[in-house]
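Enquirer: Build me a structure from this.
(chains A and B)
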Amino acid sequence: GAVVSQHPSRVICKSGTSVKIECRSLDFQATTMFWYRQFPKKSLMLMATSNEGSKATYEQGVEKDKFLINHASLTLSTLTVTSAHPEDSSFYICSVGGYGNQPQHFGDGTRLSIL
Amino acid sequence: RKEVEQDPGPFNVPEGATVAFNCTYSNSASQSFFWYRQDCRKEPKLLMSVYSSGNEDGRFTAQLNRASQYISLLIRDSKLSDSATYLCVVNKGSNYQLIWGAGTKLIIKP
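Expert: Below you'll find the predicted structure:
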């Protein structure tokens, strides 16, 4: 399966800070990447679909101005949590793949803690 | 009704036992089905895809029942290392968007 690298793995910062998370597809040219969020003991929730060279598609209830997504190349998508607040603390994971009947493969995830 | 539903558990099972989980899905147009495993505070990792005819990978067997809209996972001869949360994943009809179950927690005890 695809190899996905996500960075950073852990972020702790003060309320009001903007945090940028990178997702790289190391061996697969991904026109589409997915950004998920997972709160403790909850299922993964798709936040948005990142599209190379065009705007991301956001799920209902996800603020596009709060969670900025940029997919400038076939191997890199970034998620920026702007002016983060404690309620944004969560586990953010990106994935690639899922075309046809193929599974998605995940980055290691970023655990974000906003104080 | 949730789009993908799983018993959250936990299932406490002695080492060596056989354990089975079910997962139901609501979208009859779903075409792709997967089981992922997620360890605590880690990303999900693909365990196996689920095929119409059922499939086996070592100690793991997955089954699909389209008529009743459920998939199952059977783990034989369970190991301590099988302790994890098992996530049922279904695609959303004709596109590749995935819907995730909340997971079933499995604890294998020595």
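
Enquirer: Off-centre distance for stretch A:5-22?
Expert: 11 Å (C-alpha atoms, centre = their mean, to the nearest Å).

Enquirer: Likewise for stretch B:44-55?
Expert: With C-alpha atoms, centre = their mean as the basis, stretch B:44-55 stands 8 Å off its chain's centre.

Enquirer: and what of stretch A:56-63?
Expert: Distance of stretch A:56-63 from its chain centroid, counting by C-alpha atoms, centre = their mean, is 12 Å.

Enquirer: Nearest to the middle of chain A, which residue? Look it up for me.
Expert: Ranked by distance to the mean C-alpha position of chain A (C-alpha atoms, centre = their mean), the top residue is A:W35 at 3.4 Å.

Enquirer: what's next to the lowest-mean-pLDDT helix or strand in chain A, contact-wise?
Expert: Ranked by mean pLDDT, DSSP states H and E, the weakest helix or strand in chain A is strand A:104-106, scoring a mean of 88. If you take C-beta atoms under 8 Å, 6 or more residues apart in numbering or on different chains as the criterion, strand A:104-106 is touched by A:1-4, A:34, A:93-98, B:43-46, B:96, B:98. C-beta coordinates here come from the backbone N, C-alpha and C atoms, glycine included.

Enquirer: and the residue nearest to the centre of chain A, what element?
Expert: Here A:W35 sits within strand A:32-38, counting by DSSP states H and E.

Enquirer: After that strand, which helix or strand is next?
Expert: strand A:45-51.

Enquirer: Please name the nearest non-neighbouring residue to the residue nearest to the centre of chain A.
Expert: Nearest non-adjacent residue to A:W35, counting by C-beta to C-beta, 6 or more residues apart in numbering or on different chains: A:M47, 4.7 Å away.

Enquirer: got it, and B:T18?
Expert: Nearest non-adjacent residue to B:T18, counting by C-beta to C-beta, 6+ apart: B:R76, 5.0 Å away.

Enquirer: Please verify my assumption that the one you found contacts B:R59.
Expert: Yes. B:R76 is in contact with B:R59 according to C-beta atoms under 8 Å; the separation is 4.6 Å.

Enquirer: pLDDT below threshold where in the chain?
Expert: I'll assume chain A. Applying pLDDT under 70 to chain A flags residues A:1-2, A:100.

Enquirer: could you do chain B instead?
Expert: B:93-96.

Enquirer: hmm, 50 instead?
Expert: Flagging of chain B using pLDDT under 50 yields an empty set of residue ranges.
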